[in-house]
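1. please work out how this folds:
(one chain, ligands or ions: 1)
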Amino acid sequence: MALTPTTILTGFLGAGKTTLLNRILREDHGLRIAVIENEFGQENIDNEILVQDTGEQIVEMNNGCVCCTVRGDLIEALTTLARKRDAGELHFDRVVIETTGLANPGPVAQTFFVDEEVNAHYMLDAVVTVVDARHAMQQLDEHEEAQRQVGFADTMLLSKTDLVNPEELDALETRLKRINPRAPIGRSDFGVVPIAEVLDIKGFNLNDKLELDPDFLAAEEHAHEHHHDHDHEHGEHCNHPSHQHAQHDHHHSHHTDDIAAFVFKSERAFDPERLDNFLGSLVQVFGPKMLRYKGVLLMHGTDRKVVFQGVHQMMGSDLGPKWGETEARGSKMVFIGKNLPKDVFIRGLEQCLV
Ligand SMILES: Nc1nc2c(ncn2[C@@H]2O[C@H](COP(=O)(O)OP(=O)(O)OP(=O)(O)O)[C@@H](O)[C@H]2O)c(=O)[nH]1
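-> Residues are numbered from 1 along each chain as shown. Purely as a prediction, here's the structure:
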């Protein structure tokens, strides 16, 4: 049986996830979506104390969608749904999981790679992050989980844009792109968003589309040129309060988020063995800090594109289509992570070129 595409819907407390899901559960879109409202993870303890009934509750909606509220383990919820479907008790062809506002989407995403039964029934389509336009600046300043949720996103949806002016919106979009230049930014206006921007995004598929904002690439190159003058700006994060202040001034009011992205580009081909070894050791050392990475590579010895991507230690690669006759050949990679030593990555990758 075909694997069921699954979307992880994340976003900070009050961002507007439920508002969006309620629309999905009620609108007449003709899709049969099973929504998993998650109350697992750290809330388990509360549930054991507060809630006697630990079973799940499954409700079928008028439009054919299924709403499943779980107070247990995500793996259990997914396997229960799959079994009920196999037994003909439930019908759905897609799953959306709403995570709690404080959740780190990393472990939820990893469930799809590590658990065999989940793996046998589901494929992760994308991580969709709802960002509260009114409160995100402060949330990103104060909560690493908010940064993580942005860092993991395959696509972002801005809610509450009605509550901010265009300048504030611009500043927020710039910051979001700095943290995650890979994910397109859409809108969720009280949950109104084209369903195609939420489902079937294929953000976790290996494909050869690596969309990056050209402005971000230009800014990155600029930053690279001036690297020697402002070494500290791009280097490790310093926790000394006065230093942080100084950093802030340097940055012309750019925020120094712990979670940030950088890009590697080259027109020279990679040596497959050297690259494999280097990436292998990178994820050994920095895996826990590497939220998301993805690239289209020019590899020595093949006339096809090599596409790779990963989450933390889990990395995969695939042969893509052939390079076009007139297409400019080259590699492009983006790494999103927490305090990653950009210099180590860039210098190491350069050493893997033939
Ligand atoms: N002004 C405005 N308010 C919104 C918008 N979207 C959602 N809200 C409001 O924001 C509040 C929180 O929305 P929810 O959908 O409950 O947010 P959530 O992300 O599910 O919240 P948690 O589950 O607590 O993390 C509600 O009062 C919504 O009506 C929007 O686009 N504009």
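
2. now do the helices in the stretch 151-300 of the chain.
-> Here the stretch 151-300 of the chain has its helices, by DSSP state H, counting those that start in this stretch, at 166-179, 214-225, 231-234, 241-250, 272-286.

3. only the buried residues of the first one, if you could.
-> What that stands for is helix 166-179. Neighbour counts over helix 166-179 (16 or more other CB atoms under 10 Å) mark 172, 173, 175, 176, 177, 178, 179 as buried. Heads up, the C-betas are built off the backbone N, CA and C, glycines and all.

4. contacts only, for the last one.
-> If I follow you right, that is residue 179. Residues near residue 179 by CB atoms under 8 Å, 6 or more residues apart in numbering: 140, 147, 150, 151, 257, 259, 260, 261, 336.

5. can you do 7 Å?
-> With contact taken as CB atoms under 7 Å, 6 or more residues apart in numbering, residue 179 is in contact with 147, 150, 151, 257, 259, 260, 261.

6. now for the nearest residue to residue 188 once chain neighbours are set aside, how many residues are close by?
-> In space, and not counting its chain neighbours, residue 188 is closest to residue 157: 4.1 Å by CB to CB, 6 or more residues apart in numbering. For residue 157, the count of nearby residues is 26 (other CB atoms under 10 Å).

7. cool, residue 122 as well?
-> Per other CB under 10 Å, the neighbour tally for residue 122 reads 22.

8. ditto for residue 82
-> Residue 82 is flanked by 21 other residues according to other CB under 10 Å.

9. wait, isn't it in contact with residue 119?
-> No: taking contacts as CB atoms under 7 Å, residue 82 lies outside contact range of residue 119: 11.1 Å.

10. where does the stretch 51-200 of the chain dip in pLDDT?
-> By pLDDT under 70, the weakly predicted segments of the stretch 51-200 of the chain are 51-56, 70-72.

11. let's verify the closest residue to the ligand within the stretch 51-200 of the chain: helix, strand, or coil?
-> The nearest approach of the stretch 51-200 of the chain to the ligand comes at residue 101, 3.0 Å away (CB to the nearest ligand atom). Secondary structure assignment for residue 101 (DSSP: H, G, I helix; E, B strand; the rest coil): coil.

12. from what I can see it touches residue 13, true?
-> Yes: Residue 101 lies in contact with residue 13 (CB under 7 Å); the separation is 3.3 Å.
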